[in-house]
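K.L.:
Fold the following.
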Amino acid sequence: MPTRFKQRWLMSALAATAVLLGGCAAPAKHDYTAFRAAKPASILVLPPVNESTDVNATFSMLAQTTLPLAEGGYYVIPVTLAYETFQQNGLTNAADIHEVSVAKLKEIFGADAALYIKITRYGSTYTVLSSAAVVSAEARLVDLSTGTLLWSGHASASSDEGNNSGGGLAGMLVTALIKQVVNSVTDASHPVAGVTSARLLSAGTPNGLLFGPRSPRYGKDSAN
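P.N.:
Numbering: from 1, shown residues only. Below is the predicted model:
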């Protein structure tokens, strides 16, 4: 083989190897320096901003944020009380609430940190062979004393996870149609939002929240 062709072949092989290695690379680990320094014990969950077309998304997600945070060792300001407080001050829109200064949130609620959630997807999707309720969300934890970003993450869940429909093509079509009808007449996304919330806000997961001071695992996070 001529030298120039050997060189080209070697360069192509090296490039392909780099692509493969890059595709297998682990996601970058979150920097918890600010989180560990702030040591938040209480969290104010702001009503999530809803970027989906389903009007139920904000309160469906909000109602299911307390459990994973409390199980992670944090005191959570009661979400209904917080929302009523915003209403009494003329704030009913989640986007407007997210614009309130951290100093004002600290003054009113006295929490150590605020959780800002954005719902990027909420609702049922239908294709020829499948129908599923999907919920995706992003979150940021911000120190209310300094405005410092302590943590950010994202998660998604689907009602169709692990589903393996049988019965051939006709069976798959019928199953998809039935699912679509059920999803249309019920809020099929609500339990899926609970799964998304758990994945997003459970402490101790890779790149997830650290355990709070009410947890026996506080300061002993091994996953992070």
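K.L.:
Run through this structure and note the low-pLDDT ranges.
P.N.:
1-27, 126-131, 162-187, 222-224 (pLDDT under 70).
K.L.:
Tell me where it has strands.
P.N.:
Taking DSSP state E to define them, one finds strands in the chain at 42-45, 49-50, 75-76, 113-126, 131-143, 149-158.
K.L.:
These into TSV, with extra columns for mean neighbour count and distance to Leu105?
P.N.:
Glycine gets a C-beta too; all of them are placed from N, C-alpha and C. Listed next are those as TSV, based on neighbours: other Cβ atoms under 10 Å; distance: least, Cβ to Cβ, whole Å:
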stretch	mean neighbour count	distance to Leu105
strand 42-45	22	6
strand 49-50	21	15
strand 75-76	18	14
strand 113-126	20	6
strand 131-143	22	9
strand 149-158	18	14
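K.L.:
Of all these, which one is nearest Ala95?
P.N.:
Closest to Ala95 of the strands of the chain is strand 49-50 (Cβ to Cβ; 5.4 Å).
K.L.:
name the helices or strands packed onto the closest one?
P.N.:
helix 57-62, helix 94-98, strand 113-126 (3 or more Cβ pairs under 8 Å, 6 or more residues apart in numbering; DSSP states H and E).
K.L.:
what's the closest of the ones you listed to Val79?
P.N.:
Checked against Cβ to Cβ, the stretch from those lying closest is helix 57-62, at 5.5 Å.
K.L.:
would TSV of the helices and strands packed on strand 49-50 with distance to Val49 be doable?
P.N.:
Output for those, formatted as TSV (distance: least, Cβ to Cβ, whole Å):
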stretch	distance to Val49
helix 57-62	8
helix 94-98	5
strand 113-126	5
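K.L.:
Dump the strands of the chain into JSON lines; add distance to Leu91 as well.
P.N.:
As requested, those are arranged in JSON lines below (distance: least, Cβ to Cβ, whole Å):
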{"stretch": "strand 42-45", "distance to Leu91": "14"}
{"stretch": "strand 49-50", "distance to Leu91": "13"}
{"stretch": "strand 75-76", "distance to Leu91": "19"}
{"stretch": "strand 113-126", "distance to Leu91": "14"}
{"stretch": "strand 131-143", "distance to Leu91": "17"}
{"stretch": "strand 149-158", "distance to Leu91": "22"}
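K.L.:
Looking at those, which is nearest to Gln88?
P.N.:
strand 42-45 (15.7 Å).
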